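Q: I would like to see how this sequence folds:
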Amino acid sequence: MRRYVHNELTTIAEALCAVAISAPVAFGVRGIPKADAGWWPITVLIPLSVGSTVSGVLACTRSTRLGSEKLDLERAVPVAPDTVLPTSGESLLRSLALRSVAFLVVPTLVAALLWEPLMVLIPLALVPDRLARATYAAYWERRHGIMLWQGHLPDQPLGKGEYLYSSVRQLTS
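A: Predicted coordinates for the structure are as follows:
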């Protein structure tokens with residue numbers, strides 16, 4: 001079980017790790033792109049990032065066509081009172097998935113080696129979408145005074161379409 005906000009934030013970390021792994025390999029094999037060679041991949045990355053931002057913001061609305069983040073958060077079911085939840089650091093570690101990093105590294109590295117070295121920046125297009133979702137989820141949690149958890153609890157099976165659980169936010173003094 002992991003905090004929902006941590007899941008969104010680790011996607012950003014995974015994208016940054018993918019760039020950090022792919023860039024040295026691609027630039028080492030293909031060479032560092034020269035400024036006069038044209039930076040057309042940046043002109044591809046900017047519209048992708050804008051689209052990702054719009055997608056993230058629209059996902060925080062009630063529209064079910066866009067995968068409503070707001071409706072998903074409101075459908076969270078309460079965690080049983082005796083459930084032991086992981087600490088914040090443990091939750092953050094559980095959210096990091098090396099498979100996701102590999103999933104981002106392999107295609108971008110192949111594209112960077114076969115086509116254009118600057119393609120290693122493509123995972124950064126995921127960042128605005130996930131940042132918008134994480135920001136909204138953190139705002140939603142704070143406004144409602146609860147924490148959202150994602151994952152499977154053996155003593156509390158998932159219902160139809162439910163993957164989020166809520167617990168009362170522990171106030172720190």
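Q: C-alpha from now on. contacts and neighbour counts both.
A: Noted.
Q: Which helix or strand lies directly C-terminal to the helix-or-strand element of the chain with minimal mean pLDDT?
A: Ranked by mean pLDDT, DSSP states H and E, the helix or strand of the chain with the weakest confidence is helix 88-95, at a mean of 67. Per DSSP states H and E, helix 88-95 leads on to helix 98-114 as the next helix or strand towards the C-terminus.
Q: residue ranges of the helices in this structure, please?
A: If DSSP state H is used as the criterion, the helices of the chain fall at 4-30, 40-59, 69-74, 88-95, 98-114, 127-144.
Q: can I get those in TSV with mean neighbour count and distance to V168?
A: What follows is those, written out as TSV (neighbours: other CA atoms under 10 Å; distance: least, CA to CA, whole Å):
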stretch	mean neighbour count	distance to V168
helix 4-30	20	14
helix 40-59	17	25
helix 69-74	17	14
helix 88-95	16	14
helix 98-114	17	30
helix 127-144	19	9
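Q: Would you reformat the ones you listed as CSV and include distance to D82?
A: Converted to CSV, those look like this (distance: least, CA to CA, whole Å):
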stretch, distance to D82
helix 4-30, 20
helix 40-59, 33
helix 69-74, 22
helix 88-95, 18
helix 98-114, 31
helix 127-144, 21
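Q: lowest-confidence stretch among those?
A: For these, mean pLDDT drops lowest on helix 88-95, to a mean of 67.
Q: A125: what's it in contact with?
A: Contact analysis of A125 by CA atoms under 8 Å, 6 or more residues apart in numbering lists L45, L48, S49, S52.
Q: Of all pairs in these, which one spans the longest distance?
A: Pairwise distances across the contacts of A125 (CA to CA) peak at 10.2 Å, for the pair L45 and S52.
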